[in-house]
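Student: Okay, sequence plus prediction incoming.
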Amino acid sequence: MFRSAAATALVSIFFAASVAAESDPVVVELFTSQGCSSCPPADKIMHDLAKRDDVIGLALHVDYWDYIGWKDEYADPAHTLRQRAYAREGGRTMIYTPQMVINGQHDVVGAKSRELDRIINAHLKAAPEASVKAVRSGNDVTVEVTPVELPAGETYEIRVVQYSPMRHASIRRGELAGHELDYANVVETWLTAGQWDGVTPQQFSASLSSDLPAVVLVQRAGHGPIVAATRAK
């Protein structure tokens, strides 16, 4: 009887932890490029992040290394602009690859997995500032946001992001010429479902462009901190 009760308690704890992880995951954005010889170790870390319930990993391929001999087929100028916006927000003058940005607040240069884990764990332990739920029906997503403890006077953007779980690249030129590489969670589309004052609960809706997986980010306007995130299911 005791063993059965103990086992039941452990299962309950496990499921509670899983639900908590899925309800408030940490967002890790990797800025990477097929033209960057230093990027594969960081790309490998993204494969590991993609398997976690408590992390939303997103690979944003940038275009500013295309000139050195290989055009990254997954690059989007908008990703470069997002990285530049993060740099301005953080008081940095340079952008580079690979770079990981965690919850829009902290960055890790290169593939420093221990430093990344430390920052992720700190965010997982932090008190929630807002909550977000997203329900998907076909290509329509309904988003509900609720404040928990947000500063007054801020505006937040409701961003809906779609990504390919896996993409392959056969690189023929540039620094990685001859490499066959797989990329996890490659960002394909971004859209903004609306702006939120962070004061009262509010609902938003968005229409997706494909059946690819989607996540929702609640981010302070101007590429500030990501205060809540979820997967659209």
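Tutor: Right, received. Where do you want to start?
Student: Start from the N-terminal end of this structure and give the helices.
Tutor: 2-23, 40-49, 77-89, 113-125 (DSSP state H).
Student: angle of the lengthiest strand in the chain against helix 77-89?
Tutor: The residue-count maximum for a strand in the chain (DSSP state E) belongs to strand 180-196. Calculated by axes from the mean of the first three to the mean of the last three Cα atoms, to 10 degrees, strand 180-196 forms an angle of 70 degrees with helix 77-89.
Student: Distance from the chain centre to strand 180-196, please.
Tutor: How far strand 180-196 lies from its chain's middle: 8 Å, per Cα atoms, centre = their mean, to the nearest Å.
Student: quick revisit: lowest average pLDDT across the helices of the chain?
Tutor: Per-stretch mean pLDDT for these is lowest at helix 2-23 (a mean of 42).
Student: just to revisit the earlier point, could I get the average pLDDT for the longest strand of the chain?
Tutor: On average, the pLDDT along strand 180-196 is 98.
Student: tell me the angle that strand makes with helix 40-49.
Tutor: 60 degrees.
Student: can you pull the buried residues of strand 180-196?
Tutor: Neighbour counts over strand 180-196 (16 or more other Cβ atoms under 10 Å) mark 183-188, 190, 193, 196 as buried. (C-beta placed from N, C-alpha, C; glycine too.)
Student: next one: stretch 47-58
Tutor: Buried positions in stretch 47-58, judged by neighbour count with 16+ other Cβ under 10 Å: 49-50, 54-58.
Student: next one: stretch 207-217
Tutor: Result for stretch 207-217 [16+ other Cβ under 10 Å]: buried residues 208, 212-217.
Student: if we can go back for a sec, out of the buried residues of stretch 47-58, flag the one nearest to A87.
Tutor: Set against A87, the nearest of the buried residues of stretch 47-58 by Cβ to Cβ is L58 (17.4 Å).
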